[in-house]
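# Generate a structure from the sequence data that follows.
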Amino acid sequence: MTTPAQHDRDLAEGRVTRLKQDLRDGLATPPGDVEAMDGLVASAHRLLDAEVAFDEAGHRLANAELEARHAATQRAVVWFAAAPVLVPLVAGALVLFEVLSPVWLLALVPLFAAGLWIGFAPVRRVGDVIRERTRAAWAGSVTAGLLAGALIPWPPSVACTILAALGVAATAGLLWRESRIP
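The predicted model follows:
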């Protein structure tokens, strides 16, 4: 199914192609009179107008696609932000009740802040920003899962702790990269 922007672009592209062919046909033999030359000049002006319309339709199509990605990303990151917010909150409560060491706050606070940024900071309508926010959302969710695995007393908890620390750094790095995109 084509969108209105795609339809406009296709129509403009067909018109440009038709006008180019008309102009080529008219220039195949040099015009003999002034009227024929005026007709070719008018065709050239119509071609220019059609090319401008084609370019504008292309921009509208690109903007519509970007807007669709933007809306989908804004909806998705709210759900992805749940884990990086809730896991540090629960773990922070365990630190508060002295079940966990306060050293865990070194991972909990940045992950919690990253989760808040992922879920509630506005997503700008720039393709690179949308891509970085999506990556950060995935990284934050995986990191929250690793952090939950690190808090469980079982043999792989050491590996989960190391991977969670790396995940916190990666999530923060992705959000920093996003903030640096003009």
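
# What sits closest to Ala91 if chain neighbours are left out?
The spatially closest residue to Ala91, leaving aside those adjacent along the chain, is Leu108, at 5.3 Å (C-beta to C-beta, 6 or more residues apart in numbering). C-betas here are computed from N, CA, C, even on glycine.

# just checking, the one you found touches Leu94?
No: counting by C-beta atoms under 8 Å, Leu108 sits too far from Leu94 to count as a contact (9.5 Å).

# So for these two, which sits in the more crowded spot?
Between Leu108 and Leu94, Leu108 has the larger neighbour count (other C-beta atoms under 10 Å), namely 23 against 15.

# so what's that one up against?
Pro88, Ala91, Gly92, Val95, Leu147 (C-beta atoms under 8 Å, 6 or more residues apart in numbering).

# make it 6 Å
Pro88, Ala91, Gly92 (C-beta atoms under 6 Å, 6 or more residues apart in numbering).

# Run the chain-centre distance for the helix or strand hosting the first one.
Per DSSP states H and E, Pro88 falls inside helix 82-96. For helix 82-96, the separation from the chain centroid amounts to 28 Å (computed by C-alpha atoms, centre = their mean, to the nearest Å).

# Put the alpha carbons of that helix into CSV.
As requested, C-alpha coordinates have been extracted for helix 82-96 and formatted as CSV (Å, rounded to 0.1, in the frame of the first residue of the first chain):
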residue,chain,number,x,y,z
ALA,A,82,10.8,-0.1,32.5
ALA,A,83,13.6,-2.6,33.2
PRO,A,84,16.4,-0.1,33.6
VAL,A,85,14.3,1.9,36.1
LEU,A,86,12.6,-0.9,38.1
VAL,A,87,15.6,-3.2,38.6
PRO,A,88,17.8,-0.4,40.1
LEU,A,89,14.8,0.7,42.3
VAL,A,90,14.4,-2.8,43.7
ALA,A,91,18.2,-3.2,44.1
GLY,A,92,18.3,0.2,45.7
ALA,A,93,15.7,-0.9,48.2
LEU,A,94,17.9,-3.9,49.0
VAL,A,95,20.9,-1.6,49.6
LEU,A,96,18.7,0.6,51.8
